[in-house]
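A.B. asks: sequence and predicted structure are below.
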Amino acid sequence: MGELIDLGWYYASPGFTDEQQYLFLARPVRATGDGAQIDTSETIAESREFTLEQLRSMVAENIVQDANTLALFARLCARGLIG
């Protein structure tokens, strides 16, 4: 059995819209092989696995630029859920 941890929300574009993005941590996450079907009409067409050090480096080097990933990374660090 897994768990879904509510990490709160943030404003995606404060001053422009009141849109809120909600953040969650699901664990454990397990690879399921290549059996998943991806709906290409959605905005996420690919997902990849990174180590914490790879992600930290990509954030530091401005490779990761989307607000959702940056907000999630910051929230996970601030809550002590990743080292």
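C.D. replies: Everything's here; your move. Residues are numbered from 1 along each chain as shown.
A.B. asks: C-alpha only now, for contacts and for neighbours.
C.D. replies: OK.
A.B. asks: where do the strands of this structure begin and end?
C.D. replies: Under the criterion DSSP state E, the chain contains strands at 3-11, 20-27.
A.B. asks: format those as a markdown table; extra columns: mean pLDDT, mean neighbour count and distance to residue 48.
C.D. replies: Below are these laid out as a markdown table (pLDDT from 0 to 100; neighbours: other C-alpha atoms under 10 Å; distance: least, C-alpha to C-alpha, whole Å):
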| stretch | mean pLDDT | mean neighbour count | distance to residue 48 |
| --- | --- | --- | --- |
| strand 3-11 | 95 | 12 | 20 |
| strand 20-27 | 94 | 13 | 16 |
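A.B. asks: just send the ones you listed back as CSV, with distance to residue 61 too.
C.D. replies: Formatted as CSV, these follow (distance: least, C-alpha to C-alpha, whole Å):
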stretch, distance to residue 61
strand 3-11, 23
strand 20-27, 23
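A.B. asks: dihedrals phi and psi, residue 50?
C.D. replies: Main-chain torsions, residue 50, degrees, to the nearest 10: phi -130, psi 150.
A.B. asks: show me the helices in this protein, by range?
C.D. replies: 52-60, 67-78 (DSSP state H).
A.B. asks: and the pLDDT at residue 81?
C.D. replies: Residue 81 is assigned 94 on the pLDDT scale.
A.B. asks: so it versus residue 27, what's the distance?
C.D. replies: 11 Å (C-alpha to C-alpha, to the nearest Å).
A.B. asks: what does residue 48 give?
C.D. replies: The value you get for residue 48 to residue 27, if C-alpha to C-alpha is used, is 16 Å.
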